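>>> turn this into a structure:
(chains A, B and C)
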Amino acid sequence: MSRAAPAIVWFREDLRLSDNPAVHAAVSTGRPVVCVFIHDEDAAGARPLGGASKWWLDKSLRALAEDIGSCGGQLTVRRGPAAACLDDVITETGAEAVFWNRRYEAGACELDASIKAALGPRGIDVQSFNGRLLMEPWSLKTGAGGYYRVFTPFWKALKAAYRVPEALPRPRRLDGPRIDGLGIAELGLHPEMPDWSGGMETAWMPGEAGAAARLAAFLGGPVDQYPEGRDRPALTDGTSALSPHLRFGEVGPAQIWRAVMSGMEAGRIGEDGAMKFLSEIVWREFSYVLLFHNPDLATRNYNQGFDHMTWRQDDAALAAWQRGRTGYPVVDAGMRQLWQTGWMHNRVRMIVASFLTKHLLIDWRAGEAWFWDTLVDADPASNPASWQWVAGSGADAAPYFRVFNPITQGQKFDADGAYVRRWCPELAGLPDKFIHAPWMADDATLRAAGVVPGTDYPEPLVEHARGRERALAAYAQMKEGGPEC
DNA sequence: CCTGGAGTTGTCCTA
DNA sequence: TTAGGACAACTCCAG
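Here you go, the predicted structure:
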């Protein structure tokens, strides 16, 4: 008796086996299953992954391949144009079905639609699923029928409308015909010459197991302190640190929703922390709504009034910001944490983004691009949406006069300077009083701390009050319609 | 169509 | 030291 023709699961941003709708659908057909990942670097309309994301993807694929192997299957890895690679796999395996979970960037959506349109007439059963979001970005509408542009009403509407689906079990068996593919290492995702990833290896465990461990650890205690703990960058468990796992689909938001709700219903988790945490998950969701309806979110001002903004072109200042040498300790600590670990605490992301776009008056796109390249969680929706939010050009954005003060933010959220001392060790000897403003320290204090301003640690790139005034003036000019020209 | 309340995360000055 | 109000005006969204 010959076996049924196989079903292909095309993995993309859903690198997990549990609660994966495409995997579950493929297994449920009873067909042999072929698991495929295609590295399509030049896909039209898609944004090439940044260096840190590639590092993560490399590790995540290894974890996925191992998990599939333990189910008796194999992850087949190919490189090249997705449609052609998928065609090859169909031909080589005789597959008659293809399943995947949806993506939401315009280029990816179009590519997937064209593949679906091409395969259908050939008798291939193509099905796509939602494995990445709580609700599809087109499904939740305001009373007037549009998409939500303000977070709070969106959050309320989602809470009222969302029904978390039943969890889909992890498959016990995943086997099918074996075909040739590349080794994951051959994709060249891991950095070489130099290999800068040392700090990342120790900070992270990419893959579904690592994601599950993070979630369990966070819901096992820290979530109850989340409303305050989330603002303290020195704490290692103040936030969930699930963002890169979510980015690559090692865990889905529905799994998080279920885990939080069941913890709450069992009385293990308090409501305040739980709902605050879920609201952050829904911010990610909101960003996908914005991206879906504004495909060029990463390149175009959401609020077009900002097209009249005159940004400064200052490559030296941009470089100083990127390297963590602005002279503001909390800014520099954040930028160095990012560089070394591929991640930055959320509170600090706001501070450094405000500093770049307001104190330095540099276009938010420059910051967004840097984050895209250096963050392991660089997300096509959250990253541009958040940058625009801080810059003031985004949906439901911070008002323009809200210029974060890098000194008082440091004093408020890193009062004992532990965060700064960890990432700016040259300042570690300073007393708490000066840790967020070294230039205020007298000579004796500096000498005792072993800090030589301008040598060990830079003078501030711009004085806070002056930077703030300059930003406010630029915004005022923008509102009048831009400079004379 | 109109109305009114509300809007993630702040800063700075004044009393 | 601390608490309160100004900062701007606009758009979103529900009723």
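
>>> so where's the stretch 1-150 of chain A uncertain?
The model of the stretch 1-150 of chain A has pLDDT under 70 over residues A:1-2.

>>> can you do 80?
Across the stretch 1-150 of chain A, the ranges flagged by pLDDT under 80 are A:1-3, A:44-45.

>>> dump the residue contacts of whatever residue of it ends up closest to DNA strand B.
Nearest to DNA strand B in the stretch 1-150 of chain A, going by Cβ to the nearest atom of the strand, is residue A:150, at a distance of 5.0 Å. In short, each C-beta sits where N, CA and C put it, glycine included. Applying Cβ atoms under 8 Å, 6 or more residues apart in numbering to residue A:150 gives the contacts A:395, A:396.

>>> what's the distance between it and residue A:456?
46 Å (Cβ to Cβ, to the nearest Å).

>>> residue A:159 too?
Note on residue A:159: its distance to residue A:456, by Cβ to Cβ, is 50 Å.

>>> name the nearest residue to whichever residue of the stretch 251-400 of chain A sits closest to DNA strand C, ignoring sequence neighbours.
Residue nearest to DNA strand C within the stretch 251-400 of chain A (Cβ to the nearest atom of the strand): residue A:399, separated by 3.3 Å. Using Cβ to Cβ, 6 or more residues apart in numbering and skipping the chain neighbours, the partner closest in space to residue A:399 is residue A:392 (7.1 Å).

>>> chain A: strands as residue ranges?
A:7-11, A:33-39, A:75-79, A:97-101, A:125-129 (DSSP state E).

>>> got CSV for those strands, with mean neighbour count and distance to DNA strand C too?
Output for these, formatted as CSV (neighbours: other Cβ atoms under 10 Å; distance: least, Cβ to the nearest atom of the strand, whole Å):
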stretch, mean neighbour count, distance to DNA strand C
strand A:7-11, 27, 33
strand A:33-39, 25, 36
strand A:75-79, 21, 41
strand A:97-101, 24, 26
strand A:125-129, 17, 27
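
>>> adding distance to residue A:234, write the ones you listed out as a markdown table.
Shown next, in a markdown table, are these (distance: least, Cβ to Cβ, whole Å):
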| stretch | distance to residue A:234 |
| --- | --- |
| strand A:7-11 | 37 |
| strand A:33-39 | 37 |
| strand A:75-79 | 39 |
| strand A:97-101 | 37 |
| strand A:125-129 | 40 |
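
>>> relative to residue A:375, which of those is closest?
Ranking the strands of chain A by proximity to residue A:375 (Cβ to Cβ) places strand A:33-39 first, at 19.6 Å.

>>> how far does that closest one sit from the chain's center?
Relative to the chain's own centre, strand A:33-39 is displaced by 23 Å; criterion: Cα atoms, centre = their mean, to the nearest Å.

>>> with stretch A:7-19 instead?
How far stretch A:7-19 lies from its chain's middle: 19 Å, per Cα atoms, centre = their mean.

>>> residue A:290 is in contact with residue A:104, correct?
No - counting by Cβ atoms under 8 Å, residue A:104 stays clear of residue A:290, with 10.4 Å between them.

>>> list the beta-bridge partners for residue A:8.
residue A:34, residue A:98 (DSSP bridges).

>>> my read: it touches residue A:91, true?
No - if you go by Cβ under 8 Å, residue A:8 and residue A:91 don't touch, sitting 11.4 Å apart.

>>> ok so, going back, and for the residue of the stretch 251-400 of chain A closest to DNA strand C, the neighbour number?
8 (other Cβ atoms under 10 Å).

>>> need the phi and psi values for it.
Main-chain dihedrals, residue A:399, degrees, to the nearest 10: phi -60, psi 150.

>>> pretty sure it is touching residue A:391, no?
No - counting by Cβ under 8 Å, residue A:399 does not reach residue A:391; the two are 11.7 Å apart.

>>> excluding chain neighbours, what is closest to residue A:365?
Leaving out its chain neighbours, the residue that sits closest to residue A:365 by Cβ to Cβ, 6+ apart is residue A:299, at 6.6 Å.

>>> residue A:72 versus the one you found, what's the distance?
Counting by Cβ to Cβ, the separation of residue A:299 from residue A:72 is 45 Å.

>>> does the helix ranked longest in chain A reach DNA strand C?
When chain A is parsed with DSSP state H, its longest helix is helix A:271-293. No - interface with DNA strand C: helix A:271-293 contributes nothing (Cβ under 7 Å from any atom of the strand), its closest point being 9.2 Å away.

>>> now that helix: buried residues?
A:273-275, A:277-293 (16 or more other Cβ atoms under 10 Å).

>>> and it, anywhere near DNA strand B?
Yes - Helix A:271-293 lies within reach of DNA strand B by Cβ under 7 Å from any atom of the strand, at A:279, A:280, A:283.

>>> starting at the chain centroid, how far to that helix?
Distance, centroid of helix A:271-293 to centroid of chain: 13 Å (Cα atoms, centre = their mean).

>>> one more: stretch A:117-127?
The answer for stretch A:117-127 is 32 Å, by Cα atoms, centre = their mean.

>>> repeat that for stretch A:309-319.
That offset, for stretch A:309-319, works out to 25 Å (Cα atoms, centre = their mean).

>>> can you point out the buried residues in it?
Quick answer for stretch A:309-319 (16+ other Cβ under 10 Å): A:309, A:311, A:317, A:318.

>>> what's the end-to-end length of that stretch?
21 Å (Cα to Cα, to the nearest Å).

>>> hmm, who's touching it?
Outside stretch A:309-319, the residues that touch it by Cβ under 8 Å, 6+ apart are A:301, A:356, A:360-363, A:366, A:393, A:461, A:474-475, A:477-478, A:482-483.

>>> low-scoring stretches of the stretch 251-400 of chain A, by residue?
Where the stretch 251-400 of chain A drops to pLDDT under 80, the residues are A:398-400.

>>> contact residues of it facing DNA strand C?
A:399, A:400.

>>> what touches both of residue A:104 and residue A:290?
residue A:381.

>>> grab the nearest non-local neighbour of residue A:46.
Spatially, and ignoring its direct neighbours in sequence, residue A:46 is nearest to residue A:107 (4.5 Å; Cβ to Cβ, 6+ apart).

>>> can you pull the contacts of that neighbour?
Neighbour list for residue A:107: A:43, A:44, A:45, A:46, A:47 [criterion: Cβ under 8 Å, 6+ apart].

>>> just the buried subset of those residues, please.
A:43, A:46, A:47.

>>> could you redo those residues as a markdown table and give each row distance to DNA strand B?
Below are these laid out as a markdown table (distance: Cβ to the nearest atom of the strand, whole Å):
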| residue | distance to DNA strand B |
| --- | --- |
| A:43 | 29 |
| A:46 | 25 |
| A:47 | 22 |
